[in-house]
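Enquirer: Fold the following for me, if possible:
(one chain, ligands or ions: 2)
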Amino acid sequence: MSPIIKKKAGVLGATGSVGQRFILLLAEHPDFELSVLGASPRSAGKKYKDAVTWKQVDLLPESSSEIVVCECKAEYFADCDVVFSGLDADFAGEIEKEFVDNGLVIVSNAKNYRRDPNVPLVVPIVNVDHIDLIENTIKNQTDKKGFQICISNCSTAGLVAPLKPLIEKFGPIEFLTATTLQAISGAGFSPGVSGIDILDNIVPYISGEEEKMEWEVKKILGSYETSSNEIKLLSDKEIKVSAQCNRVPVSDGHTECISFKFKSRPAPSVEQVKQAMSEYVCDAYKLGCPSAPPHSIIVLDEANRPQPRLDRNRGNGYAVTVGRVREDPIFDFKMVVLSHNTIIGAAGAGILIAEYLLAKRLI
Ligand SMILES: NC(=O)C1=CN([C@@H]2O[C@H](COP(=O)(O)OP(=O)(O)OC[C@H]3O[C@@H](n4cnc5c(N)ncnc54)[C@H](OP(=O)(O)O)[C@@H]3O)[C@@H](O)[C@H]2O)C=CC1
Ligand SMILES: N[C@@H](CC(=O)OP(=O)(O)O)C(=O)O
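Expert: Numbering: from 1, shown residues only. Ligands and ions are numbered 1, 2, ... in the order given. Next up, the predicted model:
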């Protein structure tokens, strides 16, 4: 039997919170091998094990520890089939542009290009079909050109997953409120949230987070229009979101308490809402992507779940867990949603997008 030739993957921002998760997820991936690691000039030239301040519960994989970190310049990543970015957004804009201009494929966690109409904003258990925008743009190109796909804000990822089957089955959501309880790994490691700020405390502000959630939902749940080759955003009439974001002393896993009201009357029953979420199977799973969860949304009936420490790794962190689904006296329903912020909210989403690109022969 001939050996399986894996695709070469690079990671930008490899030393950070998202970067470290990429290192773990790529260590034993069936289709990708970690080939180049990039970080700031402070880390460049050092072996990864010396450059990184490792903060994961799992040990640093030996396969990555001796790799020498380089600066984030396209020339060092020229052999990569795909480059994942976990770059600090202050630097991602210019660096990622240079990579795309040099013909590389970038799957980015940074916020810089999420609103670009030519860049799909993808939560891979929700809207991989938006990648058709790239497929249709590059299909007639003869020379190799780079492209970019953005991953959403991590709280947005958890929110849109249950909304997708609900909107498909029961129509537009007129109003939705979301109050988040976000893990400290979401704030990154440089410098990260200090112990004195978060111990015995809750911080009721995360810069820019509420605006991102309220806007990104509209692009991700919008539709890809083949005729015009564009993503059509949902309008305010099709969904209106109000978010309040809080940082809480949890290591990984963002919890969101949401209430929502459908536009159509009569509203479905609690059982119909639960069933629609439980039955949902994402396109990435149907296509055979190895990391895609068979059940993207796991609905729990226990009164005190989901809880981050107990439930964030369901579906290996690629699934979203929903609990406490019940009627709401003001809206139609309320429920609690939990998602792993550095897996389905960040690095895992990147890996799943790359698996989809591979399955569609786009890399
Ligand atoms: N953490 C999360 O849950 C999520 C994060 N994101 C986004 O992902 C990105 C990464 O986040 P996170 O991992 O939390 O952040 P961190 O602060 O933990 O990591 C930032 C990374 O960027 C690198 N970096 C900093 N300055 C430069 C530079 N001048 N040139 C090249 N590299 C540089 C750092 O390298 P060095 O160590 O050498 O300084 C580090 O590897 C951000 O854009 C964030 O907004 C998105 C969704 C979820
Ligand atoms: N702001 C998120 C993580 C993040 O960096 O998101 P974004 O890439 O949208 O800025 C959190 O604090 O948990």
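Enquirer: Asp197 is in contact with Val203, isn't it?
Expert: Yes: with contacts counted by C-beta atoms under 8 Å, Asp197 reaches Val203, the gap being 6.4 Å. Where C-beta positions appear, they are placed from N, C-alpha and C, glycine not excepted.
Enquirer: and the gap between Ile220 and Lys164?
Expert: According to C-beta to C-beta, to the nearest Å, Ile220 stands 9 Å off from Lys164.
Enquirer: and Asn118, how many neighbours does it have?
Expert: Asn118 sits with 13 neighbouring residues when counted by other C-beta atoms under 10 Å.
Enquirer: How far off centre is the helix or strand harbouring Lys334?
Expert: If you go by DSSP states H and E, Lys334 is part of strand 333-339. In terms of C-alpha atoms, centre = their mean, to the nearest Å, the centre of strand 333-339 is found 18 Å from the chain centre.
Enquirer: which outside residues touch it?
Expert: With C-beta atoms under 8 Å, 6 or more residues apart in numbering as the test, strand 333-339 has contacts from 154, 157-159, 161-162, 253-260, 267, 270, 273, 306-308, 311-312, 320-328, 345.
Enquirer: Name the residue in Asp197 and Val203 with the higher neighbour count.
Expert: Taking other C-beta under 10 Å, Asp197 and Val203 do not tie; Val203 has more neighbours (16 against 13).
Enquirer: Is the more buried one bridged to anything, and to what?
Expert: In this entry, Val203 is beta-bridged to Arg247, by DSSP bridges.
Enquirer: Ends of stretch 312-329, what's the gap?
Expert: Terminal residues of stretch 312-329 lie 29 Å apart, using C-alpha to C-alpha, to the nearest Å.
Enquirer: which of the residues in it are buried?
Expert: Neighbour-count burial for stretch 312-329 flags 312-315, 317-325 (criterion: 16 or more other C-beta atoms under 10 Å).
Enquirer: Could you dump these into JSON lines and include distance to ligand 2, secondary structure and pLDDT?
Expert: Rendered in JSON lines, the data for the buried residues of stretch 312-329 read as follows (distance: C-beta to the nearest ligand atom, whole Å; DSSP: H, G, I helix; E, B strand; the rest coil; pLDDT from 0 to 100):
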{"residue": "Arg312", "distance to ligand 2": "13", "secondary structure": "coil", "pLDDT": "98"}
{"residue": "Asn313", "distance to ligand 2": "18", "secondary structure": "coil", "pLDDT": "98"}
{"residue": "Arg314", "distance to ligand 2": "19", "secondary structure": "helix", "pLDDT": "98"}
{"residue": "Gly315", "distance to ligand 2": "20", "secondary structure": "helix", "pLDDT": "98"}
{"residue": "Gly317", "distance to ligand 2": "15", "secondary structure": "helix", "pLDDT": "98"}
{"residue": "Tyr318", "distance to ligand 2": "18", "secondary structure": "coil", "pLDDT": "98"}
{"residue": "Ala319", "distance to ligand 2": "19", "secondary structure": "coil", "pLDDT": "98"}
{"residue": "Val320", "distance to ligand 2": "15", "secondary structure": "strand", "pLDDT": "98"}
{"residue": "Thr321", "distance to ligand 2": "17", "secondary structure": "strand", "pLDDT": "98"}
{"residue": "Val322", "distance to ligand 2": "19", "secondary structure": "strand", "pLDDT": "99"}
{"residue": "Gly323", "distance to ligand 2": "21", "secondary structure": "strand", "pLDDT": "98"}
{"residue": "Arg324", "distance to ligand 2": "22", "secondary structure": "strand", "pLDDT": "98"}
{"residue": "Val325", "distance to ligand 2": "24", "secondary structure": "strand", "pLDDT": "98"}
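Enquirer: How about the contacts made by the nearest residue in space to Cys289 that is not next to it in sequence?
Expert: Leaving aside its chain neighbours, Cys289 sits nearest to Glu355 (3.9 Å; criterion: C-beta to C-beta, 6 or more residues apart in numbering). Glu355 makes contact with Asp31, Ala284, Cys289, Pro290, Ser291, Ala292, according to C-beta under 8 Å, 6+ apart.
Enquirer: Going by distance to ligand 1, which of these wins?
Expert: Comparing these against ligand 1 with C-beta to the nearest ligand atom places Ser291 closest, at 17.0 Å.
Enquirer: Need the nearest residue in space to that closest one, chain neighbours excluded.
Expert: Spatially, and ignoring its direct neighbours in sequence, Ser291 is nearest to Leu352 (5.1 Å; C-beta to C-beta, 6+ apart).
Enquirer: Helix, strand, or coil at the one you found?
Expert: Under DSSP: H, G, I helix; E, B strand; the rest coil, the three-state class of Leu352 is helix.
Enquirer: now it: how far from His130?
Expert: For Leu352, the distance to His130 equals 14 Å [C-beta to C-beta].
Enquirer: Run through the stretch 1-150 of the chain and note the low-pLDDT ranges.
Expert: 1-3 (pLDDT under 70).
Enquirer: Tell me the residues on it that lie near ligand 1, please.
Expert: By C-beta under 6 Å from any ligand atom, the residues of the stretch 1-150 of the chain that approach ligand 1 are 13-19, 39-40, 42-43, 72, 86-89, 91-92, 109-111.
Enquirer: now the helices for the stretch 51-200 of the chain?
Expert: Listed in chain order, the helices of the stretch 51-200 of the chain (DSSP state H, counting those that start in this stretch) span 62-65, 89-101, 132-138, 154-170, 195-198.
Enquirer: buried residues in the second one?
Expert: Going back to what we said before, that points to helix 89-101. Buried residues in helix 89-101, defined by neighbour count with 16+ other C-beta under 10 Å: Ala92, Ile95, Glu96, Lys97, Glu98, Phe99, Val100.
Enquirer: Pull the number of nearby residues for the spatially closest residue to the fifth one that is not a sequence neighbour.
Expert: So the one you mean is Glu98. For Glu98, ignoring the flanking residues on the chain, the nearest one in space by C-beta to C-beta, 6+ apart is Ala74 at 5.2 Å. Residues within reach of Ala74, counting by other C-beta under 10 Å, total 21.
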